[in-house]
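Undergrad: missing the sequence, but the structure's below:
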C-alpha cells in the first residue's frame, strides 16, 4: 500500500495522489545560537527573575517602613535590582545577536555590581554565567 507524500492518505493501486488544499505549515526560522550561549541566557534569566522578586520585596518593605526612614535604603536596593534585571535582558539581546565578546564584557561589570549591590545569590549566578563565556568563545572560534 502506498501513501501520499504530502498528506499521508492511503493510496490504492490505481489512485493518484491528491493535491492538498491545506496551506503548508512553515516553522519559523530561528537563529541557532551555541548551547553555551543558551546556558548563559538561562542563568541571566534566573538572575533577572531573582532581581525582580528582590526588587519587589525591597520596594514593598521600603514603602512600608518609609515612615521611620528605614525604608529609604530598601527602596534604593529595589531600584538597583530592577536595573540588574534590565541589564540581564540587554546582555541576552547581545547573545541573541552573536555579540559574545561584548556580552562577556558587560557581564563582568555586573558580576562585580551584582555582588556589591544585588546580593550574594545574584552575584554568584552572574559569576557562573560569566565563567561560561570562555567555553562559548572557544566554541565559536
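TA: That came in fine, so what should we check first? In this text the structure is predicted, and so the values were computed from the model without any measurement. Residues are numbered from 1 along each chain as shown.

Undergrad: hey, which helix or strand in this structure has the poorest pLDDT?
TA: strand 2-3 (a mean of 66; mean pLDDT, DSSP states H and E).

Undergrad: wouldn't residue 64 be in contact with residue 71 here?
TA: Yes. With contact taken as C-beta atoms under 8 Å, residue 64 and residue 71 are classed as touching, separated by 6.8 Å. Bear in mind the C-beta positions are built from the backbone N, C-alpha and C, glycine included.

Undergrad: who has more neighbours out of the two?
TA: With neighbours defined as other C-beta atoms under 10 Å, residue 64 and residue 71 compare such that residue 71 has more, 19 against 12.

Undergrad: now do that one against residue 134, distance only.
TA: Spatial separation of residue 71 from residue 134 under the definition C-beta to C-beta, to the nearest Å is 42 Å.

Undergrad: just residue 79 next, same as before
TA: Taking C-beta to C-beta as the criterion, residue 79 is separated from residue 134 by 32 Å.

Undergrad: of the two, who's got more company?
TA: When residue 79 and residue 134 are compared for neighbours, residue 79 comes out ahead with 15 against 11, by other C-beta under 10 Å.

Undergrad: pretty sure the more buried one sits in a helix.
TA: Yes. Judged by DSSP: H, G, I helix; E, B strand; the rest coil, residue 79 forms part of a helix.

Undergrad: nearest residue to it in space, please, no chain neighbours.
TA: residue 55 (7.5 Å; C-beta to C-beta, 6 or more residues apart in numbering).

Undergrad: quick one: what helix or strand has the one you found in it?
TA: Using DSSP states H and E, the secondary-structure element containing residue 55 is helix 35-64.

Undergrad: average pLDDT across that helix?
TA: Along helix 35-64, the predicted local confidence has a mean pLDDT of 91.

Undergrad: next, count neighbours for the closest residue to residue 81 other than its chain neighbours.
TA: By the measure of C-beta to C-beta, 6+ apart, the closest residue to residue 81 outside its immediate chain neighbours is residue 55, 3.5 Å from it. Around residue 55 there are 21 other residues, counting by other C-beta under 10 Å.
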